[in-house]
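Undergrad: Have a look at this prediction, sequence included:
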Protein chains: 2
Amino acid sequence: MIRHIVSWKLNGADAAARAEQAATISATLAALPAVIPQILSLQVGTNVAYPENNWDVVLVADYESLEDLEAYQVHPDHVAATHVIRPLVELRSAVDFEA
Amino acid sequence: MIRHIVSWKLNGADAAARAEQAATISATLAALPAVIPQILSLQVGTNVAYPENNWDVVLVADYESLEDLEAYQVHPDHVAATHVIRPLVELRSAVDFEA
């Protein structure tokens, strides 16, 4: 199994703006499992600790294989989601690993 | 439950150096559950995809509460682990969320 973890630091000017952006990202990603069958599970979390150092939102999603992860990456509904998310992002990190 | 996710981009000069650093980080973190009882579970993953964009290593660890996460943060064995990891790191992201 491949676990796909993406973290985002958002570009909103204050905590309230970033909370609204985080809710948008969460709702956008939560809609994907219904339309992209390669997603085995998907969890989105909003930061609740150490706000002076931590980033804002994280995605944890599981796929059967790297091929399924790549099918997700290029799926039109995922590409559309990235177009919603990208304008809200200051920094992004991603790690994909065998779990 | 609190899920604690930390991602690192390592500062090794090439992929072989970063793989060695990732192995050091993985072994260092994998030793912590035996000595820090607040850790409910701990998973360390090394990146296997999109090396031109992805970061190198990620930690996924679970705690019962924010108090237990803070107890982990200040535990001497965790502090010692951060002293091993920090010199290897170019960039770090962390998100803690209610799971």
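TA: Happy to help now that I have it. Numbering: from 1, shown residues only, chains lettered A, B, ... in the order given.

Undergrad: where does chain A come near chain B, residue by residue?
TA: Remark: the part of chain A in contact with chain B comprises A:2-3, A:5, A:7, A:9, A:43, A:45-50, A:53-58, A:60, A:66, A:69, A:91, A:93-99, using Cβ under 8 Å from any Cβ of the partner chain. Using the backbone N, CA and C atoms, a C-beta is placed for each residue, glycine as well.

Undergrad: Just want the most central residue of chain A.
TA: For chain A, the residue nearest the mean C-alpha position is residue A:59 (3.9 Å; Cα atoms, centre = their mean).

Undergrad: Helix, strand, or coil at it?
TA: Following DSSP: H, G, I helix; E, B strand; the rest coil, residue A:59 is assigned to strand.

Undergrad: and it, what does it touch?
TA: Residues in contact with residue A:59 (Cβ atoms under 8 Å, 6 or more residues apart in numbering or on different chains) are A:4-7, A:29, A:42-44.

Undergrad: switch to 10 Å and redo it
TA: Contacts for residue A:59 (Cβ atoms under 10 Å, 6 or more residues apart in numbering or on different chains) come out as A:4-8, A:25-26, A:29, A:32, A:42-45, A:85, A:94, B:5, B:95.

Undergrad: Same check on residue A:40?
TA: Applying Cβ under 10 Å, 6+ apart, we find residue A:40 in contact with A:1-3, A:33, A:61-64, A:68.

Undergrad: In helices, which of those residues fall?
TA: Counting by DSSP state H, the part of the contacts of residue A:40 found in helices is residue A:68.

Undergrad: Now intersect the contacts of residue A:40 with the strands, please.
TA: Among the contacts of residue A:40, the residues falling in strands (DSSP state E) are A:2-3, A:61-63.
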